[in-house]
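Novice: need coordinates for the below:
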Amino acid sequence: MRVTTDLWVSVLVRRVFGAGGFAAVVKRGATEAGAVFVLSRRRMGEVALYGPAPQTSYDSAKPDERFFTLLGAGDDAAAFDARLEREKKFDPDIWVVEIEAGAVPVEELLSVKAE
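Specialist: Predicted coordinates:
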């Protein structure tokens, strides 16, 4: 049985706060199975966008784990906001979570796969 997106996002938010960071759900999507996008902002203005990894990244040994891939990084936050707006038009059920990870790297909070 797969964990609902609502529960998974709640756990992510708690983990970020527990690590001394900040997290906010910017857009709530489908409770059961909405795709999750994570926008990581650092204090010096750097932004990174993580999205669902391709299905080829699925690991049958970890069927309940959600995998992410880095979609882009830089200091142009407006470009990432525009990308998320396009994603929302394509799939209105997405979730967008914005985090400042604090002392823990984002890669420890998310299962990030290299493309």
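Novice: which residues of the chain fall in helices?
Specialist: Shown for the chain, the helices assigned by DSSP state H span residues 5-18, 77-90, 106-109.
Novice: lowest mean pLDDT across those helices, which one is that?
Specialist: Among these, helix 106-109 has the lowest mean pLDDT, at a mean of 82.
Novice: send the alpha carbons of that helix over as CSV?
Specialist: The C-alpha trace of helix 106-109 is given here as CSV (Å, rounded to 0.1, in the frame of the first residue of the first chain):
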residue,chain,number,x,y,z
VAL,A,106,18.0,18.6,0.4
GLU,A,107,19.4,15.3,-0.8
GLU,A,108,19.0,14.0,2.7
LEU,A,109,15.3,15.0,2.8
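Novice: can you tell me the centre-most residue of the protein?
Specialist: By C-alpha atoms, centre = their mean, the chain has its centre lying nearest to residue 38, at 2.5 Å.
Novice: name the helix or strand of the chain that has the lowest mean pLDDT.
Specialist: strand 111-112 (a mean of 78; mean pLDDT, DSSP states H and E).
Novice: before we move on, back to that, how much space separates the residue nearest to the centre of the chain from residue 85?
Specialist: According to C-beta to C-beta, to the nearest Å, residue 38 and residue 85 sit 16 Å apart. C-beta coordinates here come from the backbone N, C-alpha and C atoms, glycine included.
Novice: ok, back up a step: ok, the least confident helix or strand of the chain: who's next to it in the sheet?
Specialist: strand 67-74 (parallel) (DSSP bridges).
Novice: now the partner strand: mean pLDDT?
Specialist: 87.
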